[in-house]
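In: model this:
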Amino acid sequence: MGLDRSLFNDSMQMRDSSQQKRKKARVSINLPAEYCLAAQSEYFPCVLTDVGAGGLSMNCKGNLYQGDQVKVRFKLGSRIVEMQALVIRVNGKAVGLQYAGASEEQISAIQHFIHTTFFDKDKKKP
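Out: Numbers count the residues shown, from 1 in each chain. Okay, the predicted model is just below:
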C-alpha cells in the first residue's frame, strides 16, 4: 500500500473554533490515502484534506456520488486505519464523508491523534 507518509507533518492545521460547525474536533491535513467502493476491492488514490472524529474530506479523481458507501484507508501515525464511510457531499473532486459503523477504538485513535497533535503542543511550551 502506498501510504508511506504520516499524519505528523507541517501541512496540518487546526480549524478556528469560530468557523467550526461541527461539535467534534476536525483538523486540516494533506495526506495521501486510498478509497474503494464498499462492495469492491480495488483501491484508488485520494488525498485527505481534513479528518475528524465524525468524518473526513478528501479529493479524488474518481466519480463518487452522494449516498455511495466507501472504504477509506490512511496512515494514522504508524497505524493503518480503514474506515467505512458514507458520501454525504460532493463538490467536483472534493468529497465529504461521514463514518459508518466506526468502532470506538477507531474513533478514539482519531480523537487521540487530534488532541495530542494540536492541543497538547501548547501545554509543552514554556
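In: tell me the helices in this structure, going along the chain?
Out: 104-114, 120-124 (DSSP state H).
In: Worst mean pLDDT among these?
Out: For the helices of the chain, mean pLDDT drops lowest on helix 120-124, to a mean of 54.
In: Look up which residues are beta-bridged to the most centrally placed residue in the chain.
Out: The centroid of the chain falls nearest to residue 51 when counting by C-alpha atoms, centre = their mean (3.3 Å). Per DSSP bridges, the residues bridged to residue 51 are residue 27, residue 56.
In: hey, where'd the strands end up in the chain?
Out: 13-14, 26-37, 44-52, 55-60, 69-76, 79-91, 94-99 (DSSP state E).
In: how about those, which one is nearest residue 114?
Out: strand 26-37 (5.6 Å; C-beta to C-beta). The way it works is simple: take the backbone N, C-alpha and C, and place the C-beta from them, glycine included.
In: Now do the buried residues in that closest one.
Out: Within strand 26-37, the residues scored as buried using 16 or more other C-beta atoms under 10 Å are 26, 27, 29, 31, 33, 34, 35, 36, 37.
In: Just give the nearest non-adjacent residue to the fifth one, would you?
Out: Ranked by C-beta to C-beta, 6 or more residues apart in numbering and with sequence neighbours excluded, the top spatial neighbour of residue 33 is residue 74, at 3.8 Å.
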